[in-house]
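> Sequence below, structure please.
(2 chains)
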Amino acid sequence: MSVNIDIRVADRDVEVAFDVAAGETVAILGPNGAGKSTTLDVVGGLLRPDAGRVALDGDVLTGDGRWVAPHARRTALLAQDPLLFPHLSVLENVAFGPRSRGTGRRAARASAEQWLAEVDATELAGRRPAQLSGGQAQRVAIARALAADPRLLLLDEPMAALDIAVAPALRQLLRRVLAGRTAVVVTHHVLDALLLADRVVVLEGGRVVEQGPARDVLSRPRSSFAARFAGLNLVAGTATPDGVRRPDGSVLHGTPGDPAPAAGDEAVAVFRPSAVAVHREPPGGSPRNALVVRIDELEPHGDTLRVRAGDLAADVTLAAATELGLAPGTEVVFVVKATEVSVHAR
Amino acid sequence: MSRSRHVGLPRWVYLPAALAGVFVVLPVASLATRIAWADFPGLVTSDAALSALDLSLRTSAASTLLCLVLGVPLAVVLARSEARWLGPARSLVLLPLVLPPVVGGIALLAAFGRKGLLGAQLEAWGIQIAFSTIAVVMAQTFVSLPFLVVSLEGALRTAGERYDVVAASLGAAPTTVLRRVTLPLVLPGLASGAVLAFARSLGEFGATVTFAGSLEGTTRTLPLLIYNLRVTDADAAVAMALLLVVVAVLVIGLVRPRGAL
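Next up is the predicted model:
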């Protein structure tokens, strides 16, 4: 189910084009007012663009003189508010999609039960939405969206309204159900983009300013927005009990993040360039991570200087850079505390 | 559902509030002091009274049904459609609220009377509406419709479209969305609108007497009977009035959904 999006909405000054490959999850990142929700509305058929087209697996949904009504698109929407129908039980909520598409009562019920089990919410089936916590309600909303058998799943900041305490479990659930599904997820959260999406599209002022594989965009952002909120160091490898083993055999020590990987799993260590200290010699006898690197380039980054070396970056003050005599080609040691490194399952 | 929080009211507010309550309740309560209680059972069970009460309840039920059939779609269109002509249309729908009912009756005669705009044609087909029970129902519907439409439109706007959007994204066609999501969510508003329409129909006088006349058993509803008796038999009129008050209180008290209205 590949998706082609190429749309223009004049009164919101949005002109956006990108594709989603079959089975791929694309995250749309961007500041408020960048056109993220407008894009999602156009794809879902809630807003008619002034020009352009949206095609799902070759079927034109919008454009070329065609217009498919929202209910006929099979683009299920999951918003930040679960929006469970308050007058229906949890089970009836989940069965709503199948029932609306003409499935018989019994089959719809069976399908709803199966999807509730899929999101570990079987015991909630008989409750009313008012009796659920925020996390439980969003779990049920996920089951309801999936039960509708969508060709494309549209997620609009699905975790923005959740308690910090329940977000990790829900992120895990989304990771599981999004695997192999075609989906577009609007998010503000760099970790969501990294862990849920295969690719990232960055919008700014109604235009796509950057797009690419999630890891590349988040570790080496070219757009100013992505650089401000991303620009993270991402080190991939296999999980060890206290860190990540890199392909060269060295271990980067860190603290388990969310989702925490099991030893031997593919994992990624995440840390901010500002958490990295730069030294000329390895500091002796310290429990810190010390990575010997060769500097590729130095670039101004706000009040500091960003030191790039391969996939890694460190922020240092101009004074420190001068004192250390940093220049491209210099061999230095990047030092980062294990507590500054979070390790996530990939 | 949620307990409301208060910052407290200024104390002086209670004085005019109490005055307003007294202003409404006192005259109605005074009715009871004017009643010849010995004759009361006989008066309210007379043939004329029972026939008028029966006609009132049946026509009010019919007009409430008609208000629902016509008013629900109208309220949905007014609340949801974005067409430009809807602004003026909304004002027109409210017209019966501000028109004196007698004017409504004259207008109905102009449209459906024997020589009216449509009435003349209907007459040619042998259909006569004016001065029939159907005319009573039409007069009541004319004055009651805005009550249902305004109440339901407000509820629809408050409920918003977010649930409708989710329902559509799950594959529900517009009719399914309306039937399974939109209307169930505004059920309290719908119920209170229907009760208001029924109560307004029950009390309808001016448009009915103008458009349908006052024929016993056919068009003489309880308010019309009370008006007739007021001149000839004041005791009976007061007794009927109390009967109407009791019926109205029952309707409002028993049928009114909690928290609505």
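> Is there a neighbour count for the residue lying closest to A:P86 once chain neighbours are set aside? I'd like the number.
Take A:P86 and drop its neighbours on the chain: the residue closest to it by CB to CB, 6 or more residues apart in numbering or on different chains is A:P129, 5.2 Å away. Heads up, the C-betas are built off the backbone N, CA and C, glycines and all. If you count neighbours by other CB atoms under 10 Å in any protein chain shown, A:P129 ends up with 20.
> next one: A:V54
25.
> And it, how close does it get to chain B?
Separation of A:V54 from chain B (CB to the nearest CB, to the nearest Å): 14 Å.
> that older thread, how close does the residue nearest to A:P86 sit to A:A137?
Distance of A:P129 to A:A137, given as CB to CB, to the nearest Å: 6 Å.
> residues shared between the contacts of these two?
Residues touching both A:P129 and A:A137 by CB atoms under 8 Å, 6 or more residues apart in numbering or on different chains: A:82, A:84.
> name the element the most centrally placed residue in chain A belongs to?
The C-alpha lying nearest the average C-alpha coordinate of chain A belongs to A:A193 (CA atoms, centre = their mean; 1.8 Å). According to DSSP states H and E, A:A193 maps onto helix A:190-196.
> ok, now B:T64?
helix B:47-80.
> tell me which residues of that helix are tucked away?
B:48-49, B:51-53, B:55-57, B:59-60, B:62-64, B:66-68, B:71-72, B:74-76, B:78-79 (16 or more other CB atoms under 10 Å in any protein chain shown).
> can you tell me which of these are up against chain A?
Among these, no residue sits close to chain A (CB under 8 Å from any CB of the partner chain).
> Next, count neighbours for A:L232.
21.
> Return the distance of it relative to A:R105.
49 Å.
> same for the helix or strand of chain B with the lowest mean pLDDT, what does it pack against?
The weakest-scoring helix or strand in chain B, judged by mean pLDDT, DSSP states H and E, is helix B:86-93 (a mean of 84). Helices and strands touching helix B:86-93, by 3 or more CB pairs under 8 Å, 6 or more residues apart in numbering or on different chains; DSSP states H and E, are helix B:47-80, helix B:133-159.
> got those as a markdown table, with mean pLDDT columns?
Listed next are the helices and strands packed on helix B:86-93 as a markdown table, based on pLDDT from 0 to 100:
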| stretch | mean pLDDT |
| --- | --- |
| helix B:47-80 | 94 |
| helix B:133-159 | 94 |
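> So which of those helices is nearest B:A237?
helix B:47-80 (10.7 Å; CB to CB).
> before we move on, the earlier item: by how many degrees do the helix holding B:T64 and helix B:133-159 diverge?
40 degrees (axes from the mean of the first three to the mean of the last three CA atoms, to 10 degrees).
> Which parts of the stretch 151-261 of chain B are helices?
Under the criterion DSSP state H, counting those that start in this stretch, the stretch 151-261 of chain B contains helices at B:162-169, B:174-177, B:183-185, B:187-203, B:206-211, B:222-232, B:234-250.
> closest to B:D39 out of those?
helix B:234-250 (6.3 Å).
> Quick one: distance of that closest one to the chain centre.
18 Å (CA atoms, centre = their mean, to the nearest Å).
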